[in-house]
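Visitor: Here is my input; please provide its structure:
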Amino acid sequence: MALSKSSNTYGRTSWEDSEFPILCPTCLGDNPYVRMMKEKFGSECKICVRPFTTFRWCPGARMRFKKTEICQTCAKLKNVCQTCLLDLEYGLPIQVRDQALNIKDNIAKSDVNKEYFIQNAEKQLSATDHGVPGAAGGPGKSHPPSDLLMKLARTAPYYRRNLPHICSFWVKGECKRGEECPYRHEKPTDPDDPLADQNIKDRYYGTNDPVAEKLMRRAATLPRLDAPEDKSITTLYVGNIGEKMLEKELRDHFYQYGEIRSITIVSRQQCAFVTYVTRSAAELAAEGTFNKLIIQNRRLVIRWGKSQGKQNIPGTTNTEAGARFEPVPGLPRALPHPEELEHNFFNLAPTTSAFPSPYPQFAPPSYPLMAPPPPNPTPNQPELPGFLAEGQSGIHYPSQDPTRLGAINKTRQT
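Guide: The predicted structure follows:
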């Protein structure tokens with residue numbers, strides 16, 4: 001006759017023992033050398049209430065210690081992190097992921113049904129070769145990617161989530177530790193804010209999650225990329241490509257939308273320009289990649305290219321291409337163009353009203369008009385010429401006077 005199990009060992013065969021936790025990059029931290037404290041059957045799972053092996057560690061400098069909250073079986077059923085309970089693939093709450101993929105939760109919530117469901121789930125998980133099923137509540141099930149998830153997905157770890165809690169003594173004005181206090185000295189969240197009231201079970205089951213509701217409201221107000229009116233534009237601007245992005249990686253993704261004419265990478269600006277042969281292919285690529293293209297763990301920025309005739313010219317604006325700036329008072333005037341200098345500097349060629357000259361007009365130098373000497377000057381008459389008399393025409397200068405500079409007057413010799 002077999003011995004019956006005592007109360008201390010009842011159900012111990014279903015307790016979970018593991019060697020390493022299932023964590024997301026944010027909870028694990030940026031330190032590659034993490035020292036973890038492992039405790040076998042150290043706590044009960046917050047979902048299935050079974051003892052499991054707990055882990056405790058510090059994710060980085062001036063961060064709070066974190067620990068696993070649920071067992072690995074519950075984490076594998078939802079494909080979530082054992083600590084933050086966010087999806088391992090997208091970094092989003094379960095409620096957002098289930099709504100985007102139209103997943104119906106079939107996990108039992110009552111105590112008796114929950115224990116039976118967990119036992120059957122463990123048998124299925126142990127029978128699979130992969131070990132970690134998809135996020136559908138059943139092993140080995142996968143779903144196609146969703147546009148909403150690609151737009152809201154977090155590509156880089158968010159380490160601010162690991163910051164210490166707010167110091168309650170500092171809020172009361174009684175903290176005497178100063179800079180040595182391991183807690184944050186910041187203003188606490190408004191108690192009326194829905195984000196201040198979060199429940200771990202609501203997050204796991206995907207019901208009444210305030211973080212998920214906030215993300216869904218943000219998704220409803222996401223910007224859209226409208227196609228330009230100029231139908232000749234078939235170029236897309238791709239930003240935030242990084243320094244190690246290759247043309248082959250961009251071509252392997254963008255070729256699915258249509259025939260590509262050229263791909264130009266500007267490494268210094270960390271951007272690229274993808275030009276398609278047809279406008280329809282460019283519109284499909286813009287719609288399929290805007291706010292959801294991730295290559296090398298980088299979310300790429302997608303914009304429409306600009307027309308060659310409407311590009312910005314240095315010294316001009318978009319609305320007035322080619323317009324000149326107003327002169328700054330106190331600065332010397334810029335030198336005119338040789339053609340303008342030839343026609344307009346001495347105001348020889350009058351400007352029309354259709355093409356006004358942008359430079360100030362200068363009057364020609366005015367010299368005194370000298371009158372020619374009389375034909376028979378008297379000895380007492382001064383040789384300095386005077387001004388033109390009435391009825392005389394022509395321009396005469398002192399150098400034109402025949403009585404000066406050694407000129408010989410024939411009338412006197414005769």
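
Visitor: what secondary structure does K248 sit in?
Guide: Secondary structure assignment for K248 (DSSP: H, G, I helix; E, B strand; the rest coil): helix.

Visitor: first vs last residue of stretch 101-111, how far apart are they?
Guide: 28 Å (CA to CA, to the nearest Å).

Visitor: Run a quick neighbour tally on E174.
Guide: As a burial measure, E174 scores 9 neighbours (other CB atoms under 10 Å). Bear in mind the C-beta positions are built from the backbone N, C-alpha and C, glycine included.

Visitor: Am I right that S262 sits in a helix?
Guide: No: per three-state DSSP, S262 lies outside any helix segment and is strand.

Visitor: Using the three-state scheme, assign the closest residue to it other than its chain neighbours.
Guide: In space, and not counting its chain neighbours, S262 is closest to T275: 4.8 Å by CB to CB, 6 or more residues apart in numbering. Secondary structure for T275, judged by three-state DSSP, is strand.

Visitor: for this structure, which spans come out with low pLDDT?
Guide: 1-11, 128-145, 308-414 (pLDDT under 70).

Visitor: That one: strands as residue ranges?
Guide: Remark: strands assigned in the chain by DSSP state E are 37-44, 51-57, 66-67, 235-239, 260-266, 271-276, 294-295, 298-299, 301-304.

Visitor: End to end on stretch 179-190, go ahead and measure it.
Guide: Stretch 179-190: ends 24 Å apart by CA to CA.

Visitor: Please work out which residues outside stretch 20-28 touch it.
Guide: By CB atoms under 8 Å, 6 or more residues apart in numbering, the residues outside stretch 20-28 that reach it are 34, 36, 55, 59, 66, 68, 72, 75-76, 81-84, 86, 88, 91, 132, 157-159, 161-162.

Visitor: If the residue nearest to S262 is in a bridge, with which residues?
Guide: T235, S262 (DSSP bridges).

Visitor: Could you verify my assumption that it touches I263?
Guide: Yes: T275 lies in contact with I263 (CB atoms under 8 Å); the separation is 7.5 Å.

Visitor: Nearest to A100, out of the strands of the chain?
Guide: The stretch from these with the least distance to A100 (CB to CB) is strand 294-295; that distance is 15.8 Å.

Visitor: burial of W304, as a residue count?
Guide: By other CB under 10 Å, neighbour count at W304 equals 19.

Visitor: now the helices for the stretch 51-200 of the chain?
Guide: 72-78, 94-101, 111-127, 147-152, 168-172, 200-205 (DSSP state H, counting those that start in this stretch).

Visitor: how about the ones you listed in CSV, adding distance to E243?
Guide: Output for the helices of the stretch 51-200 of the chain, formatted as CSV (distance: least, CB to CB, whole Å):
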stretch, distance to E243
helix 72-78, 36
helix 94-101, 32
helix 111-127, 42
helix 147-152, 24
helix 168-172, 43
helix 200-205, 38
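
Visitor: ok, and which of those has the densest surroundings?
Guide: helix 72-78 (a mean of 24; mean count of other CB atoms under 10 Å).

Visitor: Render the CA-only coordinates of that one in CSV, please.
Guide: Extracted in CSV, the C-alpha atoms of helix 72-78 (Å, rounded to 0.1, in the frame of the first residue of the first chain):
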residue,chain,number,x,y,z
GLN,A,72,7.4,30.4,-16.3
THR,A,73,4.3,28.3,-17.3
CYS,A,74,2.0,31.3,-17.0
ALA,A,75,4.6,33.5,-18.8
LYS,A,76,4.9,31.0,-21.7
LEU,A,77,1.1,30.8,-22.1
LYS,A,78,1.0,34.5,-22.8
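
Visitor: and that helix, what does it pack onto?
Guide: helix 111-127 (3 or more CB pairs under 8 Å, 6 or more residues apart in numbering; DSSP states H and E).

Visitor: Quick check: which helices or strands does the helix it packs on pack against?
Guide: For helix 111-127, the packing partners by 3+ CB pairs under 8 Å, 6+ apart are helix 72-78.

Visitor: okay, now the domains of the protein?
Guide: Here the domain parsing of the chain from automatic domain parsing is 15-222, 235-305.

Visitor: quick one: K214 and L195 touch, right?
Guide: Yes: the pair K214 / L195 is scored as a contact, 7.0 Å apart, by CB under 8 Å.

Visitor: Compare the domains of the chain and report which one is nearest to P228.
Guide: So among the domains of the chain, domain 235-305 is nearest, using CB to CB, at 5.4 Å.

Visitor: L215: neighbour count?
Guide: Counted with other CB under 10 Å, L215 comes out at 16.

Visitor: which residues does the closest residue to it other than its chain neighbours contact?
Guide: Among residues not flanking L215 along the chain, V96 sits closest, at 5.2 Å (CB to CB, 6+ apart). Shown in contact with V96 (CB under 8 Å, 6+ apart): L148, L149, L152, A212, L215, M216.

Visitor: Looking at these, which is nearest R224?
Guide: Distances from R224 to these, taken by CB to CB, are shortest for L148, at 13.6 Å.

Visitor: From N113, how far off is the closest one?
Guide: L148 sits 32 Å away from N113, going by CB to CB, to the nearest Å.

Visitor: and what of T207?
Guide: 17 Å.

Visitor: any idea how far V266 is from the residue nearest to S262?
Guide: When T275 is compared with V266 (using CB to CB), they lie 14 Å apart.

Visitor: swap in S18?
Guide: The gap separating S18 from V266 is 48 Å, by CB to CB.

Visitor: Looking only at neighbour counts, state which of these two leads.
Guide: Taking other CB under 10 Å, S18 and V266 do not tie; S18 has more neighbours (17 against 11).

Visitor: Hmm, Q72 and the more buried one touching each other?
Guide: Yes: if you go by CB under 8 Å, S18 and Q72 touch, sitting 5.5 Å apart.

Visitor: which residues do these two both contact?
Guide: Common neighbours of S18 and Q72 (CB under 8 Å, 6+ apart) are F52.

Visitor: Could you count how many residues lie near the closest residue to Q99 other than its chain neighbours?
Guide: Once flanking residues are discounted, Q99 sits nearest to M216: 7.3 Å by CB to CB, 6+ apart. Residues near M216, counting by other CB under 10 Å, number 17.

Visitor: who are the neighbours in contact with the closest residue in space to Q119 that isn't next to it in sequence?
Guide: The shortest distance from Q119 to any non-neighbouring residue, by CB to CB, 6+ apart, is to S14 (6.5 Å). For S14, the contacting residues are R50, I118, Q119, E122, by CB under 8 Å, 6+ apart.
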